[in-house]
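Trainee: need coordinates for the below:
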Amino acid sequence: MTAGSTLTAMSFAQALCAAQEDAMAEDDRVVLLGQDIQAGFPFGATKDLVARFGPDRVRNTPLSEAATMGCGVGLAMGGLRPVVEVDFGGFLLLGLDQLVNNAAKLRYMSGGQISVPLVVRVGQGPLGSFGAQHTYSQQAMLAAVPGLSVLTPATPDDAYAAMRWALRADHPVVLAEDMRLYSTRNEVRRGEVPEVLSAAVALRGDAATIVTYGHGVRTALAAAERLAERSVHVEVLSLPSLSPLDEAGIAESVRRTGRALCLTDDPPHFGAGATLTSVISAGAHDVLQAPVLRLGSRPVPAPYAPGLESLVFPSADAVVESVRRLIDWSG
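Mentor: Residues are numbered from 1 along each chain as shown. Below is the predicted model of the structure:
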């Protein structure tokens, strides 16, 4: 912990709220925009902020992600630090023109004369029977856009750090928030603002490295507990950011274990897992004892039925089986 920080137990959503509250108290330029954001709907990540900072800084917006994103871009160009909340990933598609063609490109196209310090918060992944249009994993698509940073926090402490980092950046940042994490609780180092977001070892091991992010860290840790019962001790590497990506940290972990599994929520082809596999192959090819494996979601729209949804996204059982394949690989 750094001087001035305090250790507080809170949920993932509360950590996001606390980070925005602390940033707003420090910097009058921080403003929040979103549908029902004053009520903290639907996940509580802005709950009660309007009572402290008023409706001028916590503003409800119409049901138009394109208009809200355009407003955010304009506010950022004008010298403010807006946070645009988009509840579900499917709805972000309506605002991508402003985010990708304006926010991400204006600094480059203006030769550095225009900065767009915009933060976009967007829910990702499944939450249980929300249907295909509310259940989306866009991390890879967003991370492929030059000019955007894409953060993928896995714990409440990660969420707080990510938001504080994002609100000090001078370029657009997307917080890809896994919706399954909003109610999870942990201790948060409130007041601490990181300078960099580096890959972090969530669990030490020597049998293989599971490289993942967001809710994947919880899935990997659950699988690691089962594997440990069989005396197989895996390392779980958590990526708080996909762009920028800590390639050196990934290679360092895999070089310790000699095996790697890339665990993501998007389909394995043309997704985050493919990029992570490439990074590992380039940085640790000489020590790999087995091919790098990818485990992602099935390439289908997310079904509404809970029993079917659970078959689409990676489970701890699937992780255990993938690690066993790595361990048993004979070439």
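Trainee: rest of the way, CA atoms for contacts and neighbours
Mentor: Will do.
Trainee: list the contacts of residue 155.
Mentor: Contacts for residue 155 (C-alpha atoms under 8 Å, 6 or more residues apart in numbering) come out as 12, 181, 184, 185, 186, 214.
Trainee: for those, pick the one with the most neighbours.
Mentor: Within the contacts of residue 155, neighbour counts (other C-alpha atoms under 10 Å) peak at residue 12, which reaches 32 neighbours.
Trainee: mind checking pLDDT for the nearest residue to residue 63 once chain neighbours are set aside?
Mentor: Nearest non-adjacent residue to residue 63, counting by C-alpha to C-alpha, 6 or more residues apart in numbering: residue 35, 6.6 Å away. Per-residue confidence (pLDDT) for residue 35: 95.
Trainee: shift numbering so it begins at 834
Mentor: I'll keep to 834 as the first residue from here, and by that count the last item is residue 868.
Trainee: and residue 868, how many neighbours?
Mentor: 21.
Trainee: next, the contact list for it, please.
Mentor: Residue 868 sits next to 893, 894, 895, 896, 918, 919 when contact means C-alpha under 8 Å, 6+ apart.
Trainee: please apply the same query to residue 963.
Mentor: residue 1137.
Trainee: residue boundaries of the helices in the protein?
Mentor: 845-859, 882-886, 898-910, 922-925, 929, 939-942, 972-976, 989-999, 1049-1061, 1080-1090, 1105-1117, 1139-1145, 1149-1161 (DSSP state H).
Trainee: how far off helix 1049-1061 does the last one point, in degrees?
Mentor: What separates the directions of helix 1149-1161 and helix 1049-1061 is an angle of 60 degrees, with axes from the mean of the first three to the mean of the last three C-alpha atoms, to 10 degrees.
Trainee: list of residues touching helix 1149-1161?
Mentor: Residues contacting helix 1149-1161 (C-alpha under 8 Å, 6+ apart): 1040-1041, 1052-1053, 1055-1057, 1059-1060, 1092-1094, 1096, 1123-1124, 1126, 1128.
Trainee: at 10 Å what do you get?
Mentor: For helix 1149-1161, the surrounding residues in contact (C-alpha atoms under 10 Å, 6 or more residues apart in numbering) are 1040-1043, 1049, 1051-1060, 1065, 1067, 1091-1096, 1122-1129, 1148, 1162.
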